[in-house]
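Got a predicted structure plus its sequence, pasted below:
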Amino acid sequence: MPDIPVGSQIFDLAFHPTHSTVYTGLLNGQVKAFRFVLRPSKRSCRCLDTSEDGSRLWATGKAKSYFTYSTIDTATGT
């Protein structure tokens, strides 16, 4: 299996429930998937999860002393 360069340390992975997409939450705040790269935070992305039908991706990261939370539409990346 070849290495897949992501450019930063991976903190978490989430798998889409209905198709072959893997989301990675990175130390630099980016969320990377096979077809698009998101950056819901400028700080590290610590946790990822998808909705049961795969239409939403939740990303959580640490910003100072509290955790931030983003909801991302998996079809559009916004």
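Structure's in. What do you need?

chain center to stretch 52-60, what's the gap?
The chain centroid and the centroid of stretch 52-60 are separated by 9 Å, computed with Cα atoms, centre = their mean, to the nearest Å.

What of stretch 12-31?
Counting by Cα atoms, centre = their mean, stretch 12-31 is centred 4 Å from the centre of its parent chain.

Give me the distance between the two termini of it.
10 Å (Cα to Cα, to the nearest Å).

So which bits of that stretch are buried?
12, 14, 16, 21, 23-27, 29-31 (16 or more other Cβ atoms under 10 Å). Placement of C-beta: from N, CA and C, glycine included.

hmm, who's touching it?
6-11, 32-35, 37-50, 52-54, 57, 59, 61, 72, 74 (Cβ atoms under 8 Å, 6 or more residues apart in numbering).

quick one: the residue nearest in space to the middle of the chain and residue 56, what's the gap?
Nearest to the geometric centre of the chain sits residue 31, at 3.5 Å (Cα atoms, centre = their mean). Distance, residue 31 to residue 56, by Cβ to Cβ, to the nearest Å: 13 Å.

what touches both of these two?
With Cβ under 8 Å, 6+ apart as the test, residue 31 and residue 56 both reach residue 72.
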